[in-house]
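>>> Sharing a model prediction with you, sequence too.
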Number of protein chains: 2
Amino acid sequence: MRSLLLVAHGSRREASNEEVRSLAATLAELAGLRFDQVDCAFLEIAEPSISDAIEEAVRAGADEVVVLPYFLSAGRHVAEDIPAEVERKSREYPKVRVRLAPYLGRSKDLPRILLSLSDP
Amino acid sequence: MRSLLLVAHGSRREASNEEVRSLAATLAELAGLRFDQVDCAFLEIAEPSISDAIEEAVRAGADEVVVLPYFLSAGRHVAEDIPAEVERKSREYPKVRVRLAPYLGRSKDLPRILLSLSDP
């Protein structure tokens, strides 16, 4: 069973966290056969934490968890905090493949969708 | 003459600001006939400011400036600060059309490119 975890920073503004939860729900609809489960997690402030969300996925039967950082730039969170958490949970669950995907800002499709947004 | 301005938050980490500058350069290459000029600006910390970048575009001959917020969620910056700046410059240059595009997090293409990033 494959699980996708969209990881955002987390905001004091609850509407921003809700935007992330709603996006995860859309991803779940689009995922088709790629993922059996899609959820979101937050680095700070909001719930669930990355650790709790990975535990929940494993409890639900996941043998692969893909962690996808919903971040635009490779600051400390993307370069250090999220990989450290992935590493820690990988050691905790050696039978589960916990894999880190590239962060959103690395997508080669970004320039094209930015140009689309600029259309009147 | 049409100008596109990619507006990011600005970071103390100069590499993040460079990622934005590099993205603006890629947008310039892809823009084709849609924009004669593409540049970036920052809300805080980094240079140029939104105000300075719009002034520069007008000085270069722009009669339309499209401001595109490179943000994932509609926090105060997206909901208030950037629109206020666009409004202020519109009043300052009544002959120039300064237009605010939707912010990146609103793109309907985001779910699809997130799923692409999750592929091994």
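Good, I have the coordinates.

>>> can you map out the strands along chain A?
Using DSSP state E, the strands of chain A run over A:2-8, A:37-42, A:64-69, A:97-100.

>>> mind putting these in JSON lines, mean neighbour count and mean pLDDT included?
Placement of C-beta: from N, CA and C, glycine included. Formatted as JSON lines, these follow (neighbours: other CB atoms under 10 Å in any protein chain shown; pLDDT from 0 to 100):
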{"stretch": "strand A:2-8", "mean neighbour count": "25", "mean pLDDT": "98"}
{"stretch": "strand A:37-42", "mean neighbour count": "23", "mean pLDDT": "97"}
{"stretch": "strand A:64-69", "mean neighbour count": "24", "mean pLDDT": "98"}
{"stretch": "strand A:97-100", "mean neighbour count": "18", "mean pLDDT": "97"}
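
>>> As a markdown table, those with distance to residue B:34 would be great.
A markdown table is the format used below for those (distance: least, CB to CB, whole Å):
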| stretch | distance to residue B:34 |
| --- | --- |
| strand A:2-8 | 31 |
| strand A:37-42 | 34 |
| strand A:64-69 | 30 |
| strand A:97-100 | 35 |
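
>>> Switch those over to TSV; also include distance to chain B.
TSV is the format used below for those (distance: least, CB to the nearest CB, whole Å):
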stretch	distance to chain B
strand A:2-8	6
strand A:37-42	9
strand A:64-69	5
strand A:97-100	7
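
>>> For residue B:107, find the nearest of these.
Residue B:107 lies closest to strand A:2-8 among those, at 15.2 Å (CB to CB).

>>> Show me what the closest one pairs with in its sheet, parallel or antiparallel.
strand A:37-42 (parallel), strand A:64-69 (parallel) (DSSP bridges).

>>> By residue count, what's the longest helix in chain A?
helix A:14-30 (DSSP state H).

>>> For that one, name the packing helices and strands.
The contact analysis (3 or more CB pairs under 8 Å, 6 or more residues apart in numbering or on different chains; DSSP states H and E) places helix A:14-30 against strand A:2-8, strand A:37-42, helix B:110-117.

>>> Could you take those and lay them out as TSV, with extra columns for distance to residue B:46?
Below are the helices and strands packed on helix A:14-30 laid out as TSV (distance: least, CB to CB, whole Å):
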stretch	distance to residue B:46
strand A:2-8	23
strand A:37-42	26
helix B:110-117	24
